[in-house]
Structure formats: C-alpha cells, structure tokens
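# Below are the sequence and a predicted model; questions follow.
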Amino acid sequence: MRFVMRFSAETEAETEDVTQRLRDGMAGGVLSFPLTSFRDDGGLDLESYRTYLTAQLETAPGAVFPACGTGEFFSLDEDEYRAVVAATVEVADGRLPVVAGIGYGWAQALRFARIAEAAGADALLVLPHYLVGAPQDGLVEQLRRIAAGTSLPLIAYQRGQVAFTAHSLRRIAEIPTLIGLKDGHSDLDRLQRLTLAAPDGFLFFNGASTAEIQARAYATVGVPAYSSAVHAFAPEIADAFFSALRDGDDAVVHKLLRDFYVPLVELRDRVPGYAVSLVKAAARLRGLPVGPVRAPLTDPGQADLADLETVLDDGLSLVGAVRRPARPTQAR
C-alpha cells in the first residue's frame, strides 16, 4: 500500500521557511548535536540538560539537533524524548531551527515524529532504520510513509544500512516535505552523483563521525555544511575550524587537523561507541553537566581519559581557550 501525500499551502509555506532558515544557518555555523544529560543512576537529568544546552546555543550554531545519535536517541523512551525535545524548543526560543531525531521502523518513527511536532520542533532528522538491510524501493517507501504522517519537514540520514542511489534520491526529493540529506558514508563518488541528481535548493550536509576530518573533501563535491561532535564539548575549537575553513585559511585548518582532530579520531577508534562516549567524557572534563553514557555504551577508562585530557588541552591551546576544572557529578 502506498500512502497518498496531500499537503496544504500552509505546510508548503512552513516547509520553505524552515528550509531557508536551515540553509542560512548551515552557511553561518556548524550544526549542533547536543548531548543528553543523565544522572549517575542513569536517569534523565533535564535541569542539567537545560544548563548545558543554554551554553551550547550561546555559541550560535547554525541549527540544533536534539535526541539524535550524539544525544543517545537510541536509549531514550518516549517520555524522555518528549522532555528533551520540549526543553530544546524552550531554550532555543525561536533563535535557530530545532531538528529532532526520529528513527526505527516507519511506524515507530511516526510516534516520535508526532511527539516532536507537539513539542514544537521545526523539522525531523530520520535516523537509519533498525537492523535490517533493505532494497531501494523500501528505503523510499519508508520516507514516504513517515512524510504522510507528519507535516514537519524531513531530512534523511544515510549511514550504515541506508545508502541511496541517484535514482532513489530523485524519488525521495519528490516528497514535498523531504528537504535534505545528511551523509555519513563519506563515499564522495556516490555523494557527487546524489548532489547532481538533486533538485535546486535541496540541502546536503556532512554527517560523518568527526566531520571536520573530511570537511574539505566534502566541500569539493558541493557539500560544505557539516555537523560537529566537537561542538558538543569544545565549541571554541569547532568554531575556529569552521571559520578557518570558510575563510580559506589552510594553515589553521591544517594545524587543527594535525594537532587536534587526527589525535582525537585515533583515540575515538580504540573502542566501539567512543564516537559518543569520548564526546561526553570530554564535556565532563570541561565541567559541563552531561553525566555518563547509558548502556550499551560505556564511559572511557582511566588510561583513555588521560589521553583525552591531553588531546583536549592541546586543542584548546591551539585556539587560545582554557579548560575549566571538572566538577564532580553527583547522583540525584
């Protein structure tokens, strides 16, 4: 069964407005994927999340994406998800677009979509579906069904078992509220084909792990915008890199890549899940109230934490920032 999508003139106008706001934001700053704060006992710490998010948004990212991969979407129940998205909308207060993560199969994704819509989110990032590989027709139909159930604009995320062909990109771009694609595969040949197949105005951004490593390469195929996990704990470094890349300051870009980003990636690659766990640990080292990760992720051990401290301090020194002393986390 194929759903028939009908969208009002109001939905079309709202979609165009959100698309333009995202386009403007992506041109002016990195995309923020905030961490979700947990207590030591594993419970959601919404007060700390608000404090952390307020500091994040003071650095003026291009848009904020709560409850996505870095925000441990996969470990949130629906009530926690509702609270996180609602808090993000409240703290953002219309200053920048709020794009909430949704995922799993299309039916469950729609449950999260409706929660996010009710909470006031501006758009949705459709995370890769759960577990199984799927043919291109299925990937397209998944997005069609989600779009049929929510009026919010959608951004597809290709990563893992989700990878669109140019033909499929043309098909999903026909969905009136499907406005863009986040790429996590870093296959520049495929990505170039997708950008050439897309209609004018379709949004693309680099969503690779530690996206700065490949930011220059993505820009060569017409995708300069990117999400930044580093922004979640060191916006000073993330913003310095973004500015240097935008301004063509190759010397600064090279120095930050060589002396901070590459050592960070080498550390990240030691243990599965460190793409989130190290980010959260680095935030704690800076005194940010984010708490631990939830299982199945694990927090870094002492040896890796010591190496992370060194990498973090080196990165901050490169941009003239100072690491604040960490505050102990107390279970509440």
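It's in. On a predicted model such as this, the values are computed, not experimentally measured, just so you know.
# give me the number of residues near the closest residue in space to Arg268 that isn't next to it in sequence?
Spatial nearest neighbour of Arg268, excluding adjacent residues (CB to CB, 6 or more residues apart in numbering): Tyr274 at 4.7 Å. From N, CA and C alone the C-beta is placed, and that goes for glycine too. Tyr274 has 24 neighbours, counted by other CB atoms under 10 Å.
# Which parts of the stretch 101-250 of the chain are helices?
Secondary structure of the stretch 101-250 of the chain (DSSP state H, counting those that start in this stretch): helices at 106-119, 136-149, 166-173, 188-197, 215-220, 235-247, 250-256.
# Nearest to Glu78 among the ones you listed would be which one?
helix 106-119 (6.2 Å; CB to CB).
# ok, residues contacting the worst-scoring helix or strand of the chain on mean pLDDT?
None of the helices or strands of the chain scores lower by mean pLDDT, DSSP states H and E than helix 9-28, at a mean of 92. For helix 9-28, contacts defined as CB atoms under 8 Å, 6 or more residues apart in numbering pick out 7, 31, 60-63, 96-97, 99, 122-123, 151, 153, 176-177, 179-180, 201, 203, 205, 225.
# Pull out the buried positions in it.
Buried residues in helix 9-28, counting neighbours by 16 or more other CB atoms under 10 Å, are found at 11, 14-15, 18-19, 21-23, 25-26.
# Please apply the same query to stretch 247-267.
So stretch 247-267, judged by 16+ other CB under 10 Å, has buried residues 252-253, 256-257, 260-261, 263-265, 267.
# In helices only, show me these.
252-253, 256, 263-265, 267 (DSSP state H).
# Nearest to Arg144 among the residues you listed?
Val265 (36.2 Å).
# contacting residues for that closest one?
209-210, 213.
# With neighbour count and distance to Gly133 added, can I get the residues you listed in a markdown table?
Below are the contacts of Val265 laid out as a markdown table (neighbours: other CB atoms under 10 Å; distance: CB to CB, whole Å):
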| residue | neighbour count | distance to Gly133 |
| --- | --- | --- |
| Ser209 | 19 | 21 |
| Thr210 | 20 | 26 |
| Ile213 | 16 | 27 |
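# Identify, from these, the entry nearest to Tyr104.
Tyr104 lies nearest to Ser209 out of the contacts of Val265, by CB to CB, at 21.1 Å.
# Who are the contact partners of that closest one?
Here Ser209 is in contact with 184, 229, 265, 268, 275 (criterion: CB under 8 Å, 6+ apart).
# Noted, bye for now.
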